[in-house]
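Asker: Need the 3D shape of this:
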Amino acid sequence: MVGLLALLTASAAPYFLGAWQSLRLRAGAQQLATIVSHARQIAINQNRQACVRPAGQTVQVLVGTATPCSTGAVWKGVATDAAGHFRLTEGVRVSAATASVVFNYLGAAVTPGAYTVSNPDSNRTRRVVVATSGRISIR
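Answerer: Now for the predicted structure:
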């Protein structure tokens, strides 16, 4: 009986590991989409341009930025650290697949683009895509 239980556990372990890595990647992509949506709301509320700048496992929102996303004041809030970094889910990395997205005061993307969220453990990726209209989707 114990041997059968050990055999079932050993055969199911790779499945659970793959599922765990997939869920972690999905959570990281959803978290990034939420941060990008938050940057869009900041642009609308402050009546200024805002952009999302990735940096490995963190993301910053710059306000009053020029197009492209190069300068601007770092937005700091409840979910950021003292330097204005949003920390992503453990082990998930983000990079800009295109130029960093810049939102205008109406919430439209002056610079539409995509971010790649990756899990280095499994080499899987998801994309967070921002359309010109400001619509954010995960693919």
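Asker: can you pull the contacts of the residue nearest the centre of the chain?
Answerer: In the chain, the residue lying closest to the centroid (Cα atoms, centre = their mean) is Leu32, at 2.3 Å. Leu32 sits next to Val59, Leu88, Val94, Tyr115, Val117, Val128 when contact means Cβ atoms under 8 Å, 6 or more residues apart in numbering. For the C-beta atoms, the positions are set from N, CA and C on the backbone; glycine is no exception.
Asker: between the residues you listed, which is closest to Gly77?
Answerer: Val59 (12.5 Å; Cβ to Cβ).
Asker: hmm, back to that, looking at the contacts of Leu32, which has the smallest pLDDT value?
Answerer: Scanning the contacts of Leu32 for pLDDT, the smallest score is found at Leu88, 92.
Asker: Can you report how many residues neighbour that residue?
Answerer: As a burial measure, Leu88 scores 21 neighbours (other Cβ atoms under 10 Å).
Asker: And it, how close does it get to Ala43?
Answerer: According to Cβ to Cβ, to the nearest Å, Leu88 and Ala43 sit 21 Å apart.
Asker: Same check on Ala83?
Answerer: Counting by Cβ to Cβ - Ala83 and Ala43 are separated by 21 Å.
Asker: of the two, who's got more company?
Answerer: Taking neighbours as other Cβ under 10 Å, Ala83 and Ala43 compare with Ala43 leading, 27 against 9.
Asker: is it true that that one lies in a strand?
Answerer: No: read with DSSP: H, G, I helix; E, B strand; the rest coil, Ala43 is helix and lies in no strand.
Asker: isn't it right next to Phe103, touching?
Answerer: Yes: between Ala43 and Phe103 there is a contact under Cβ atoms under 8 Å: 4.0 Å.
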